[in-house]
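*Asks:* Sequence isn't available, so here's the structure alone:
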DNA sequence: CTGGCGTTGACCAGGGTGGTCAGTGGATAA
DNA sequence: TTATCCACTGACCACCCTGGTCAACGCCAG
């Protein structure tokens, strides 16, 4: 493990990204370590030189991804703004940034949330429970509910807004990713996101 | 093929559902015919007695599912209502009905939309193109755009509403499915759906 | 020249693949 | 009763891929 951390950043991220991609696409059981090492451009032996097993690699990837995401979020000072949509705007921006380094991270985390393989369930389940019961409420705490229009149930509205933005994220990634040609159109994606946020503001706030 | 159609309905649907489930979960290439016959409770030989190959079975499933969905929709007289949310309410109700007979159908159709296996791409791609270019515009034609609030772009709003309802559907299925114990709480699900639709109405309409 | 170490990839036993086909059992017709 | 039929079974095929190992290699510092 320390061996892995001592690696040069570029190679390390190539391995991490290859793992996220394969696990996100196929889940733990069906994911192939052969596919991972091929994608990462390293030999089979090297992967098992750094990690003792497929399982340990998977769990490390999850921990790494979850930690990176939470740290990035809490590092921003504005995250405590009481306006839901301000806070979500920050999160969307963050998502786009992380996505540039780890294009498959969020897809990987989502599939981990649904992972049911008995091989990783115990450890993974515990980690997920912590995230969901301790981190999620924290992230959405202190929201100002008075901005919603009259006659709108805030709980249901928040749910709907979160779902909408998930889809907006998926849509942006799908739309802008295919053209791998050089720079990611970061600015355009941010602007498009703002347009959706503005629309939600006009719809749900009075 | 006629042999398959001549089967008693219960068995036929067991086979269809087993196929949808396996293909939805794993995509064409990784889906296992062994898993399908096991889930359907039939022998390996029988599946290939009805269908000439895995590929033919997959394409038949897609055609069957797409046709069933479109027919059900057009059969309802109210589908031409000019109000977007009325029309979507009809579609949500329909989705719930079909879901009772084929719990995995929509998940299967969504994954088919993303399917990239070279083995089925040519034929499947053509079918998808037709659905998307000819059926989708039809389903959303004649919508009354004047009901949206001022300052809201109808195109973007429609997109957002469609995405929201997709997530509402996923959520309902996930929430109510686990308790396989007897009857599906059809009524509760319909009411929950109506609550979300009402919320969208208050948010987006003036 | 030596030892150490990051790295390789051929190799292993085991299991799963889509598809086949000789055979079974129960129903129908003679 | 016997003969024909056919939906249906599951052992079997040749092949591919699996997670993990390990002897050997190349390159470096001492």
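*Replies:* Alright, I've got the coordinates. Remember, predicted model here, so these are calculated numbers, not experimental data.

*Asks:* How about the contacts made by the residue of chain A found nearest DNA strand D?
*Replies:* Nearest to DNA strand D, among the residues of chain A, is residue A:32, at 2.7 Å (C-beta to the nearest atom of the strand). Every C-beta, even on glycine, is put in place using the N, C-alpha and C of the backbone. By C-beta atoms under 8 Å, 6 or more residues apart in numbering or on different chains, the contact set of residue A:32 is A:22, A:26.

*Asks:* Can you check the pLDDT for it?
*Replies:* pLDDT for residue A:32: 97.

*Asks:* Now do the residue most central in space within chain A against residue A:68, distance only.
*Replies:* By C-alpha atoms, centre = their mean, chain A has its centre lying nearest to residue A:106, at 2.8 Å. For residue A:106, the distance to residue A:68 equals 11 Å [C-beta to C-beta, to the nearest Å].

*Asks:* Common neighbours of those two, please.
*Replies:* residue A:98.

*Asks:* what's the pLDDT at the residue nearest to the centre of chain A?
*Replies:* 96.

*Asks:* is it true that it touches residue A:97?
*Replies:* No. Counting by C-beta atoms under 8 Å, residue A:97 is not a contact partner of residue A:106; they are 11.8 Å apart.

*Asks:* Buried residues, the one helix or strand residue A:35 maps to. List them.
*Replies:* Element membership for residue A:35 (DSSP states H and E) is helix A:33-40. By 16 or more other C-beta atoms under 10 Å in any protein chain shown, the buried positions in helix A:33-40 come out as A:33, A:36, A:37, A:39, A:40.

*Asks:* what's the closest of those to residue B:130?
*Replies:* residue A:39 (34.4 Å; C-beta to C-beta).

*Asks:* DNA strand C versus the closest one, what's the distance?
*Replies:* Separation of residue A:39 from DNA strand C (C-beta to the nearest atom of the strand, to the nearest Å): 13 Å.

*Asks:* Quick one: list the elements packing against the helix or strand containing residue A:56.
*Replies:* Assigned by DSSP H and E, residue A:56 belongs to helix A:54-75. If contacts are counted by 3 or more C-beta pairs under 8 Å, 6 or more residues apart in numbering or on different chains; DSSP states H and E, helix A:54-75 sits against helix A:9-30, helix A:84-101, helix A:105-114, helix A:121-130.

*Asks:* Any residue of the second one touching chain B?
*Replies:* No. Counting by C-beta under 8 Å from any C-beta of the partner chain, chain B is not contacted by helix A:84-101; separation bottoms out at 13.0 Å.
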